[in-house]
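*Asks:* next one to model:
(2 chains, ligands or ions: 8)
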There are 2 protein chains.
Amino acid sequence: MKVQMMHGAGGEVMGELLKVLSCVTHNNAGGIGLESLDDGAVIPIGGTNIVFTTDSHVVHPIFFPGGDIGRIAVSGTINDLAMMGGRPIALSCGLILEEGFDVGDLEQIMQSMNTALGEAGASLVTGDTKVVEKGALDGIAINTAGIGVAETVVRDNGLMPGDRIIVSGTLGDHGLAILTHREGFDLGDQIRSDVAPIWSLVKGAMAAGTIHAMKDPTRGGFAAAINEMARKAGVGVRLEEVAVPIRASVRSAGSLLGIDPLEVANEGKVVMGVPEEDAESILAAIRRHPLGKDAAIIGKVVEGSSVIMETSIGGERFIEPPMGDPVPRVC
Amino acid sequence: MKVQMMHGAGGEVMGELLKVLSCVTHNNAGGIGLESLDDGAVIPIGGTNIVFTTDSHVVHPIFFPGGDIGRIAVSGTINDLAMMGGRPIALSCGLILEEGFDVGDLEQIMQSMNTALGEAGASLVTGDTKVVEKGALDGIAINTAGIGVAETVVRDNGLMPGDRIIVSGTLGDHGLAILTHREGFDLGDQIRSDVAPIWSLVKGAMAAGTIHAMKDPTRGGFAAAINEMARKAGVGVRLEEVAVPIRASVRSAGSLLGIDPLEVANEGKVVMGVPEEDAESILAAIRRHPLGKDAAIIGKVVEGSSVIMETSIGGERFIEPPMGDPVPRVC
Ligand SMILES: Nc1ncnc2c1ncn2[C@@H]1O[C@H](COP(=O)(O)OP(=O)(O)OP(=O)(O)O)[C@@H](O)[C@H]1O
Ligand SMILES: Nc1ncnc2c1ncn2[C@@H]1O[C@H](COP(=O)(O)OP(=O)(O)OP(=O)(O)O)[C@@H](O)[C@H]1O
Ligand SMILES: [Mg+2]
Ligand SMILES: [Mg+2]
Ligand SMILES: [Mg+2]
Ligand SMILES: [Mg+2]
Ligand SMILES: [Mg+2]
Ligand SMILES: [Mg+2]
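*Replies:* Ligands and ions are numbered 1, 2, ... in the order given. Here you go, the predicted structure:
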């Protein structure tokens, strides 16, 4: 079998490829390990929950409306730490560069990384730099790994019937920003990536109530995230289409291009399941955060096993787990 | 300025490129950070010294005599943790795959990673998988980051006049294995990579005496490592050529190809500076380890600032810091 683009697209097809990981028997360091396929791992060390996660980034193009590969490399890892309840502390940076890559561009990327680190309150403490010959890589790839500390660990598998589903803002912005920019649409500043570290938003939400489950809707978008959360918890979800925040510009670009904004990556959002009684206070806390103004309660957890959307015209449709993100190299 | 191959070769030229890191102001999480340019960072968390490091691997070819990219990806990170005195605990794995990459090869690589993890007593707990379109990457790149715990932190800058310099075995094996294999030399099994995780060897050495400084002689080889250790400590080093362990096959391949075995990467070795009074017991401990049978005391630390080799014919020559490793994509 040969690797296909969809094997890296965050959805069902990637899940198939990840079966190669089953040969890794040294897969848990005492806490939450590889078997959980959560946003990160947790390792209890000396009474502290150390959260550990990584993402590599190959986004194309490397500069796009609203961000660049440096900002995404830092934000992606910060957000996976945050999804486990982890306060981000330290990041590593593994650069792979193509011979001929512009050093000025690299400086700009490192500066973006530094800005995002500042926003998240984390530090870049170690790294590595490799160069491959011209033609052996398309410009640059950046891996970041991150360490955080969680007072309360939050999983992606904790949804319970009755929980309310909250999203921290509009969906689909990053994926459609990349795609429209790549296709050369002149949309001015109408569609911008949402890429941002959201630890402080998550921290505020955690202080406002109990969070049963959370996940960042990156590759495969909201549709992949909510289906994985529901599957892992063995529950169903009912969503209300009218409540789902999607920018008008994103919605129209999506229908023009035949792309569902719910299936493309977000890079500064969280999907949460919270007990009904805490939902309003958590929503209020998120909305107080500059990155959470469009947050909304969009549905609830039910017994069952499907994710169903009640449409604005009174019908129902399944939100299926996507085969993968329709935008290649979205992050 | 454009990135050149030598910018990724671990020597003086790479140091120039790394100046782009100076714009990273969020560079320390309270312990040893980016400013030290050591093998890894140290972050004190709840009274524990957490060691954190990363390396990306783009070795070509991906399968070579003595190992493969999976074994090197695990060993490299384990060894950087060990160089800080860190017992390896957990690793991450960031895969970037080219469309069309063989899944059977990937399985073999993951199995190698698992074997090396077992040898080191560490676990792979989290990861990420990205795929890029055919032509955008030469097959596969693997990043690993690692977390360890250090009871005693060891730096690469602690050499003191009078210290003895120990190497844990023969030098140049990995670099010349890659190069001769790539050039298509039919050397049978004569030159094999030394790639291996050496935490247990290092642990034994630490238990046998005090280690003032250590570093793994990877890209740029022993010459880069010893010069960096001397420069950071503000000392000189005198080495005895007759004492330096180099396999005859490696030496002849080196002279045939015009490559100095002291300037190419090793992937399972350590260079240490230890107080004279501990040198013999540390050497004995290393030699008791299966990977340390060829260990030797090869010189001593002196006042001054140069690394000088007393040659076997009674002369002297400088061991200069190399511009970079002469073997491209050696790891
Ligand atoms: N190469 C790999 N080695 C080990 N674990 C992996 C690897 N690739 C993915 N995983 C694991 O599979 C799960 C899903 O990975 P994925 O990258 O989709 O998560 P994510 O980082 O939350 O999403 P995204 O990468 O879209 O931001 C995670 O638990 C991750 O640790
Ligand atoms: N892209 C980067 N971002 C942050 N720090 C970096 C980066 N590249 C290198 N460094 C830092 O520069 C120093 C030298 O890196 P280098 O990769 O040569 O060390 P190493 O891993 O010990 O050697 P090797 O990679 O040959 O095994 C290390 O302290 C490393 O953390
Ligand atoms: Mg995630
Ligand atoms: Mg992620
Ligand atoms: Mg390195
Ligand atoms: Mg090192
Ligand atoms: Mg290294
Ligand atoms: Mg990931």
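*Asks:* so the nearest residue to A:A9 once chain neighbours are set aside, which of the three states?
*Replies:* Computed as CB to CB, 6 or more residues apart in numbering or on different chains, the closest residue to A:A9 that is not its neighbour in sequence is A:G324, at 2.7 Å. Yep, even glycine has a C-beta here, placed from its N, CA and C like the rest. Secondary structure for A:G324, judged by DSSP: H, G, I helix; E, B strand; the rest coil, is coil.
*Asks:* where is the longest helix in chain A?
*Replies:* Ranked by residue count and defined by DSSP state H, the top helix of chain A is helix A:103-120.
*Asks:* helix, strand, or coil at A:V42?
*Replies:* Using three-state DSSP, the three-state assignment for A:V42 comes out as strand.
*Asks:* equivalent analysis for A:G76, please.
*Replies:* When the structure is reduced to helix, strand and coil (three-state DSSP), A:G76 reads as helix.
*Asks:* thinking it is in contact with A:T144, fair?
*Replies:* Yes. Using CB atoms under 8 Å, A:G76 is in contact with A:T144, at 7.0 Å.
*Asks:* need the overlap of contacts for these two.
*Replies:* A:D55, A:H57 (CB atoms under 8 Å, 6 or more residues apart in numbering or on different chains).
*Asks:* what does the stretch 101-250 of chain A put close to ligand 5?
*Replies:* A:D128 (CB under 5 Å from the ion).
*Asks:* which strand or helix spans the closest residue to A:F185 other than its chain neighbours?
*Replies:* Using CB to CB, 6+ apart and skipping residues adjacent in sequence, the residue nearest A:F185 is A:A253, 7.3 Å away. When secondary structure is defined by DSSP states H and E, A:A253 falls within helix A:248-257.
*Asks:* check A:P88 too.
*Replies:* strand A:86-98.
*Asks:* still on that earlier bit, quick one: the longest helix of chain A near ligand 2?
*Replies:* No. With CB under 6 Å from any ligand atom as the criterion, ligand 2 is not reached by helix A:103-120; the gap is at least 7.9 Å.
*Asks:* the residue nearest to A:F185 contacts A:H181, correct?
*Replies:* No. The pair A:A253 / A:H181 is not scored as a contact, 10.5 Å apart, by CB under 8 Å.
*Asks:* shared neighbours of these two, which are they?
*Replies:* When CB under 8 Å, 6+ apart defines a contact, the residues bordering A:A253 and A:H181 alike are A:I191.
*Asks:* who has more neighbours out of these two?
*Replies:* For A:A253 versus A:H181, neighbours defined as other CB atoms under 10 Å in any protein chain shown are more numerous around A:A253 (23 against 19).
*Asks:* contacting residues around the more buried one?
*Replies:* Taking CB under 8 Å, 6+ apart as the criterion, A:A253 is in contact with A:L176, A:L179, A:T180, A:F185, A:L187, A:I191, A:I259.
*Asks:* residues near the second one, how many?
*Replies:* Other residues within reach of A:L179 by the criterion other CB under 10 Å amount to 22.
*Asks:* helix/strand/coil for it?
*Replies:* Of the three states, A:L179 takes helix under three-state DSSP.
*Asks:* ok, it - contacts?
*Replies:* By CB under 8 Å, 6+ apart, the contact set of A:L179 is A:A253, A:L257, A:I259, A:V264, A:V327, A:V330.
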